[in-house]
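Student: Model the following, please.
(chains A and B)
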Amino acid sequence: MQTDQISVSIWRGGEDGKYQTYRVPRLESQTVLDVVTYIQRELDPSLSYRFACRVGVCGSCAMTVNGKARWTCRTHVSRVADGGAITLAPLRNLPVVKDLVVDMAVFFDKWEKALGSFVGDQTRDQALAAVSPADPRRREASAGIECIGCGICYATCDVVDWNKDYLGPAAMNRAWTLINDARDVARLPRLQAIAGDNGCLGCHSQQGCVERCPKSLNPTVAIAGLKRESMKAALKGELS
Amino acid sequence: MSLPSARTESFLWLAQRISAMVLAVCVTVHIATMIIAVQGGLSAAEIISRVGGSRLWLGFYLVFVTAVAIHAPIGLKSVLREMTALPMRRIELLVGLFAIVIAALGLRAAFGLYGLGGQ
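Tutor: Model (predicted):
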């Protein structure tokens, strides 16, 4: 059923804001991001939201659409409009700056806490590492490497909601790709950082992250891998 | 806030998984026994005649009680941590007491029933 207009309720203000409703013309192949852009350009220039690439590469435009975190640039209105109505809110589990914009600092701080950056020990004068694409560890790393850092898994995760110190799916997915990177030399410090109830051991395997990841990644499998590696390290007496 | 070390949390996590494996066997035996035992009606005399004085059943229940006393408090720790605002130190104290109470009640029951046999 296609109507001429859609009713769009959008969160306005900070943490203590409220919903405001707009009427937006319904167009063919319209995305949720198109709708937000229309409102900001034609109806209310004070509306704040984030986007950059518009084609599912950059991970900036994630919002809560009818209760579920989604990348709005690749979400068609026809797929989510509930009786011609859409409710848009900022991502859950992150501080609201204004309207649809959240502060992503906590999210990326946790990538750092999980040692989510590559640590190598080679110089440019040494030969390139030879890593076969068929290597089992490389396959594990490749499976999680396409994360765009949109924060959808983090907003969906109930453990993050319950425990503000929990590192979250994206940071640990990243840590898992690095632990499987043959060139990386920070395996043990990384396991030390993620082995614990604020890290991989806190995961309840509810798999909300898996269900909602727009890139179809599986952070739950990555976290399960981290649990195995943490246990091996603990039993070898490598953790403190 | 001082949190338990990565090593401590890892060993607690492992202890909970291993105790869960033990419990999977113990609970199955326990429930199967209950179903079989009540076929002829449930009575204290029947229970004592089966369990009382039996080293095999005493051994079984000692393993069962120990696994419960390890498994349940670690799970309760996670529940309290995620669902309440209690500080970690308080949670550790509470679940430590919980472990002692479960172990004490369970061991008392196991030894008590064992002692009632052969009289």
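
Student: Look through the chain and tell me its longest helix.
Tutor: Went with chain A since none was named. Longest helix of chain A, by residue count under DSSP state H: helix A:219-235.

Student: right idea, wrong chain: chain B
Tutor: Per DSSP H, chain B has its longest helix at helix B:6-37.

Student: Do a quick rundown of the helices in chain A.
Tutor: Using DSSP H, helices in chain A cover A:32-38, A:77-80, A:105-113, A:136-144, A:152-156, A:158-162, A:169-179, A:187-194, A:208-212, A:219-235.

Student: can you list those in CSV and add mean neighbour count and distance to chain B?
Tutor: C-beta coordinates here come from the backbone N, C-alpha and C atoms, glycine included. Converted to CSV, the helices of chain A look like this (neighbours: other Cβ atoms under 10 Å in any protein chain shown; distance: least, Cβ to the nearest Cβ, whole Å):
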stretch, mean neighbour count, distance to chain B
helix A:32-38, 21, 32
helix A:77-80, 16, 30
helix A:105-113, 16, 13
helix A:136-144, 16, 21
helix A:152-156, 27, 16
helix A:158-162, 18, 4
helix A:169-179, 27, 13
helix A:187-194, 20, 5
helix A:208-212, 19, 15
helix A:219-235, 20, 4
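
Student: got a markdown table for these, with mean pLDDT and distance to B:T28 too?
Tutor: Formatted as a markdown table, the helices of chain A follow (pLDDT from 0 to 100; distance: least, Cβ to Cβ, whole Å):
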| stretch | mean pLDDT | distance to B:T28 |
| --- | --- | --- |
| helix A:32-38 | 98 | 50 |
| helix A:77-80 | 95 | 46 |
| helix A:105-113 | 97 | 41 |
| helix A:136-144 | 96 | 35 |
| helix A:152-156 | 98 | 35 |
| helix A:158-162 | 96 | 30 |
| helix A:169-179 | 98 | 34 |
| helix A:187-194 | 97 | 34 |
| helix A:208-212 | 98 | 31 |
| helix A:219-235 | 97 | 25 |
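
Student: Same list, those helices, but as TSV with distance to B:T8 please.
Tutor: Output for the helices of chain A, formatted as TSV (distance: least, Cβ to Cβ, whole Å):
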stretch	distance to B:T8
helix A:32-38	45
helix A:77-80	45
helix A:105-113	19
helix A:136-144	28
helix A:152-156	26
helix A:158-162	20
helix A:169-179	20
helix A:187-194	13
helix A:208-212	27
helix A:219-235	9
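
Student: out of those, nearest to A:A130?
Tutor: A:A130 sits nearest to helix A:136-144 of all the helices of chain A, at 10.9 Å, using Cβ to Cβ.

Student: Show me what that closest one is in contact with.
Tutor: Here helix A:136-144 makes contact (Cβ atoms under 8 Å, 6 or more residues apart in numbering or on different chains) with A:131-133, A:173-174, A:176-178, A:180-182, A:217-219, A:221-222, A:225.

Student: mind checking the SS state of the most centrally placed residue in chain B?
Tutor: Nearest to the geometric centre of chain B sits B:V68, at 2.2 Å (Cα atoms, centre = their mean). Reduced to three states with DSSP: H, G, I helix; E, B strand; the rest coil, the structure at B:V68 is helix.

Student: Apart from its neighbours in sequence, what residue is nearest it?
Tutor: If the residues on either side of it in the chain are set aside, B:V68 comes closest to B:I102, at 5.9 Å by Cβ to Cβ, 6 or more residues apart in numbering or on different chains.

Student: tell me the contacts of that neighbour?
Tutor: Neighbouring residues of B:I102 by Cβ under 8 Å, 6+ apart: B:V65, B:V68, B:A69, B:A72, B:P73.

Student: Give me the below-cutoff pLDDT ranges for chain B.
Tutor: Within chain B, the stretches with pLDDT under 70 are B:1-2, B:118-119.

Student: near chain A, which residues of it show up?
Tutor: Applying Cβ under 8 Å from any Cβ of the partner chain, we find that chain B lies next to chain A at B:3-7, B:9-11, B:13-14, B:78, B:81-83.

Student: Greatest separation within these: which pair is it?
Tutor: Across the residues of chain B next to chain A (Cβ to Cβ), the longest gap, 25.5 Å, separates B:R7 and B:M83.

Student: ok, those two, which is more surrounded?
Tutor: Counted by other Cβ atoms under 10 Å in any protein chain shown, B:R7 and B:M83 do not tie: B:R7 has more neighbours, with 18 against 10.
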